[in-house]
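Trainee: this one's structure only:
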Ligand code: SF4
Ligand code: SF4
């Protein structure tokens, strides 16, 4: 099926789901939520907090599987370089939600690899500064941008301590229905929210990582894999000094 | 001291319309640049996902900062009751409005989605200092407009002082707000300093006065109006004090940064290794923006001349642009410290590999937008002084100086 065709149907499903969510809103508190994702018809609650633990020891040198998977899942591979653009400049302008970073310890020379993305801060500076409220944090901890309200001021990009956000620098011809994308708006990793809202419980990057360096799940559920792993291994938040209580944690950096 | 009379700008029509045509053409070219950038998207600019605010922000922030400073002359007359400044107040208030309008126009036209301005007006995030600034700017324009009206309308004389005081207080908050846009960005080394907000206030004094001086001298010169030495001397001394204050705050800013170990890398970048940013800091911000005008103003002979005053004001403005460039662009070019004690040796997203700064090379269209903002300021100002009585007929010593005695 062509992308265009799918679009109409999915768009319809999405709107009706949203309408249902509104009408049942008063009763939401009565729903019991499993540790798994809520189906789309139920509003997001704070019973779940999505989070991630990344083990830098397991992350393999030179591997970019997670990046490729994210690009595909979220349609970033569909963003073409505009005709006439300078390729080296365009590299700096094209959007990226997740990236590979290789670190060298200044004293020991030890090398570590890790993926970086939006850390889904509990106290997100991007949300604090956004003038319109386009940057928002869902009750389940996911920080994302409402692309209909974003005016493209890029203040959130100035404020994010992790450089997690991308501005869409050019017209995008082809896009996926679940990841709308518009020139002049800002976006960033949303933990594959379209999957979670459809009842799935993995992100594309986690699924793609053959080395099991990424564990994703519900931080509020003590039995979830991510909570268990966090209990077992020492982990850190990047720039913990800013006290943002990030949803993404790292071990063995 | 005689009573001051005001009149419309009286230059001959061809000259006036000629000026408007030139300025209008520059604004139109800027409009074309905006269309080009918005139509294509920001890939046609030098801005990237690393340097997200570019030349338009340098111009916009300069103009906005200068706007609140331009009001100073009026404030000194009203809020501090200095009689000699009173005739200067109207133009000062007009410039405050036009500078702000020019700055905001540039800011808005550089948005990724300028068409959504209405959204910005109706969706507010009250935690955002940016949103607060929108209120501050609108309020400022409103208050200053009323202030101008009260200055011009004799019936409103009793209320003129309270409005003047209110405008003065509002302008202080406004510049602090503009400075806070940066001070709130805790993640970036260059901006994480409490002194940034008061430093912006001081800079606004200097830039606003410099713009005021140039516009006043030009408007008077072409219209054959007289500015006496008494006024020139005051403006000159004031400019010298402000330039010195900017210099002082610059010193304190960098010294406190040097005191904190975590900022050493940023300081080394700006002060020593930053290439264009280091050059603009020393040559632009410090020398042209502070030392040169101080030198001219306090020079025993140069300081007394018209040319000296014009040169000093021009230097403050040029230095001001350099300052904004160092703060806005330099602060972004310096890689963020995400992993203390480690060096990033490879990255898929330009994270400052091996401590390298982010690249930024502005394009022509960005400059055209910024210059269009400046042209818009002058266009609005000239129309204003032509239509209404902003300019005193004369500022000769005889008229202006309360202590003037015919010798
Ligand atoms: S990592 Fe950046 S984009 Fe993500 S929530 Fe935190 S501040 Fe916002
Ligand atoms: S770019 Fe969009 S999401 Fe970011 S601060 Fe501005 S309006 Fe908010």
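Mentor: Perfect, I can see it now. Here the structure is a predicted model, which means the values were calculated and not measured. Ligands and ions are numbered 1, 2, ... in the order given.
Trainee: out of the helices and strands in the chain, which is least certain?
Mentor: By default, I'm working from chain A. helix A:3-23 (a mean of 39; mean pLDDT, DSSP states H and E).
Trainee: you answered for a different chain; I wanted chain B.
Mentor: Ranked by mean pLDDT, DSSP H and E, the weakest helix or strand in chain B is helix B:397-400, scoring a mean of 78.
Trainee: contacting residues around the single nearest residue of the stretch 301-407 of chain B relative to ligand 1?
Mentor: Taking Cβ to the nearest ligand atom, ligand 1 has its nearest neighbour within the stretch 301-407 of chain B at residue B:338, 10.7 Å off. Any C-beta I mention is one placed from the backbone N, CA and C, and that applies to glycine too. Counting by Cβ atoms under 8 Å, 6 or more residues apart in numbering or on different chains, residue B:338 makes contact with A:116, A:161, A:162, A:163, A:238, A:239, B:344, B:351.
Trainee: can you redo those residues as JSON lines with pLDDT, distance to residue A:103 and neighbour count?
Mentor: JSON lines is the format used below for the contacts of residue B:338 (pLDDT from 0 to 100; distance: Cβ to Cβ, whole Å; neighbours: other Cβ atoms under 10 Å in any protein chain shown):
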{"residue": "A:116", "pLDDT": "97", "distance to residue A:103": "10", "neighbour count": "26"}
{"residue": "A:161", "pLDDT": "95", "distance to residue A:103": "16", "neighbour count": "23"}
{"residue": "A:162", "pLDDT": "96", "distance to residue A:103": "14", "neighbour count": "23"}
{"residue": "A:163", "pLDDT": "96", "distance to residue A:103": "15", "neighbour count": "25"}
{"residue": "A:238", "pLDDT": "96", "distance to residue A:103": "11", "neighbour count": "21"}
{"residue": "A:239", "pLDDT": "95", "distance to residue A:103": "14", "neighbour count": "20"}
{"residue": "B:344", "pLDDT": "96", "distance to residue A:103": "6", "neighbour count": "20"}
{"residue": "B:351", "pLDDT": "92", "distance to residue A:103": "10", "neighbour count": "22"}
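Trainee: return only those of these found close to ligand 1.
Mentor: Among these, the residues lying close to ligand 1 (Cβ under 6 Å from any ligand atom) are residue A:162.
Trainee: which among the contacts of residue B:338 gets closest to residue B:19?
Mentor: residue A:163 (45.4 Å; Cβ to Cβ).
Trainee: is that closest one located within a strand, as I assumed?
Mentor: No. Using DSSP: H, G, I helix; E, B strand; the rest coil, the assignment for residue A:163 is coil, not a strand.
Trainee: am I right that it is in contact with residue B:351?
Mentor: Yes. Using Cβ atoms under 8 Å, residue A:163 is in contact with residue B:351, at 6.6 Å.
Trainee: hey, what's in contact with both of those two?
Mentor: Joint contacts of residue A:163 and residue B:351 (Cβ under 8 Å, 6+ apart) are A:116, B:336, B:338.
Trainee: redo those as TSV? Include secondary structure.
Mentor: Output for those, formatted as TSV (three-state DSSP):
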residue	secondary structure
A:116	strand
B:336	coil
B:338	coil
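Trainee: mind putting those in a markdown table, distance to ligand 2 included?
Mentor: A markdown table is the format used below for the shared contacts of residue A:163 and residue B:351 (distance: Cβ to the nearest ligand atom, whole Å):
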| residue | distance to ligand 2 |
| --- | --- |
| A:116 | 19 |
| B:336 | 17 |
| B:338 | 20 |
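Trainee: between these, which is closest to residue A:153?
Mentor: Distances from residue A:153 to the shared contacts of residue A:163 and residue B:351, taken by Cβ to Cβ, are shortest for residue B:336, at 19.4 Å.
Trainee: how close does that closest one sit to residue A:159?
Mentor: Separation of residue B:336 from residue A:159 (Cβ to Cβ, to the nearest Å) stands at 11 Å.
Trainee: per-residue pLDDT, residue 58?
Mentor: Going with chain A. You'll see residue A:58 listed with a pLDDT of 96.
Trainee: meant chain B actually
Mentor: So, for residue B:58, pLDDT stands at 97.
Trainee: I'd guessed it sits against residue B:370; true?
Mentor: Yes. Under the criterion of Cβ under 8 Å, residue B:58 makes contact with residue B:370 at 6.8 Å.
Trainee: and the nearest residue to residue A:184 once chain neighbours are set aside, what does it touch?
Mentor: Excluding the flanking residues, the one nearest residue A:184 by Cβ to Cβ, 6 or more residues apart in numbering or on different chains is residue B:112, at 3.0 Å. Contacts of residue B:112 were listed using Cβ under 8 Å, 6+ apart, and they are A:150, A:151, A:152, A:153, A:154, A:167, A:168, A:183, A:184, A:185, A:186, B:42.
Trainee: check the contacts of residue B:338 against ligand 2 and report the nearest one.
Mentor: The closest of those to ligand 2 turns out to be residue A:163 (Cβ to the nearest ligand atom; 13.5 Å).
Trainee: measure the closest one to residue A:123 for me?
Mentor: 18 Å.
Trainee: can you check residue A:246 too?
Mentor: Residue A:246 is 9 Å from residue A:123, by Cβ to Cβ.
Trainee: hang on, residue A:211 in a strand?
Mentor: No. Secondary structure assignment (three-state DSSP) places residue A:211 in coil, not in a strand.
Trainee: quick one, which of residue A:246 and residue A:123 is more surrounded?
Mentor: Shown here are residue A:246 and residue A:123; by other Cβ atoms under 10 Å in any protein chain shown, residue A:246 has more neighbours (25 against 12).
Trainee: next one: stretch A:157-169, is it in contact with chain B?
Mentor: Yes. If you take Cβ under 8 Å from any Cβ of the partner chain as the test, stretch A:157-169 does meet chain B, through A:157, A:158, A:159, A:160, A:161, A:162, A:163, A:165, A:166, A:167, A:168, A:169.
Trainee: hmm, which of those residues are the buried ones?
Mentor: Neighbour-count burial within the residues of stretch A:157-169 next to chain B applies to A:157, A:158, A:159, A:160, A:161, A:162, A:163, A:165, A:166, A:167, A:168, A:169; the criterion is 16 or more other Cβ atoms under 10 Å in any protein chain shown.
Trainee: so who does the first one touch?
Mentor: Under the criterion of Cβ under 8 Å, 6+ apart, the contact partners of residue A:157 comprise A:126, A:163, A:165, A:167, A:186, B:49, B:52.
Trainee: closest one to residue B:388 out of the residues of stretch A:157-169 next to chain B, please.
Mentor: Taking Cβ to Cβ as the measure, residue B:388 sits nearest to residue A:158 out of the residues of stretch A:157-169 next to chain B, at 39.4 Å.
Trainee: can you count the residues close to the spatially closest residue to residue B:116 that is not a sequence neighbour?
Mentor: Of all residues not flanking residue B:116 in the chain, residue A:151 sits nearest, at 4.7 Å (Cβ to Cβ, 6+ apart). Neighbour count of residue A:151, defined by other Cβ under 10 Å: 25.
Trainee: what do you get for residue B:329?
Mentor: 25.
Trainee: do the one 10 residues further on as well
Mentor: The local packing count at residue B:339 equals 21, with neighbours defined by other Cβ under 10 Å.
Trainee: go on, residue B:81?
Mentor: Neighbours around residue B:81, by other Cβ under 10 Å: 11.
Trainee: how near is residue B:96 to residue B:275?
Mentor: 36 Å.
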